[in-house]
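Novice: Task: produce atomic coordinates for the following.
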Amino acid sequence: MVEITFNAEKREKAGKGAARACRREGRIPAVIYGGKQEPIMISLHPVELEKALDTFGFYKADITIVLDGKKYSVVCQDVQFHPVSDRPIHVDFLRK
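Specialist: Residues are numbered from 1 along each chain as shown. Now for the predicted structure:
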């Protein structure tokens, strides 16, 4: 099974404006939710994400997200793509 690791940065705000600001900074907004815990808003480096999306079995892969020294074990729930450029614009991760 494929194992993927992302180094993420925490986002402080949620919503459309905050996600757009994150994209203007050159990052891709994402969220980690599930497991009866509060959701964590993060941002990912676009090159890391696009390389991972090219790997076979990305949606079934064991993904580790490193955030402030803490590791989260997740699976990819959904990736939203831009309708014209087909680049990822948002990712949802589900805790295991």
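Novice: Who are the contact partners of the nearest residue to Ile42 once chain neighbours are set aside?
Specialist: Closest residue to Ile42 apart from its sequence neighbours, by C-beta to C-beta, 6 or more residues apart in numbering: Ala8 at 4.1 Å. In short, each C-beta sits where N, CA and C put it, glycine included. Ala8 makes contact with 30, 42-44, 65-67 under the criterion C-beta atoms under 8 Å, 6 or more residues apart in numbering.
Novice: secondary structure element for Ala19?
Specialist: helix 16-24 (DSSP states H and E).
Novice: Give me the contact list for the helix or strand Glu38 falls within.
Specialist: Assigned by DSSP H and E, Glu38 belongs to strand 37-44. Residues outside strand 37-44 that contact it (C-beta under 8 Å, 6+ apart) are 6, 8-14, 18, 22, 25, 27-33, 65, 67, 72, 91, 95.
Novice: If you count neighbours, what's buried in that strand?
Specialist: 40-44 (16 or more other C-beta atoms under 10 Å).
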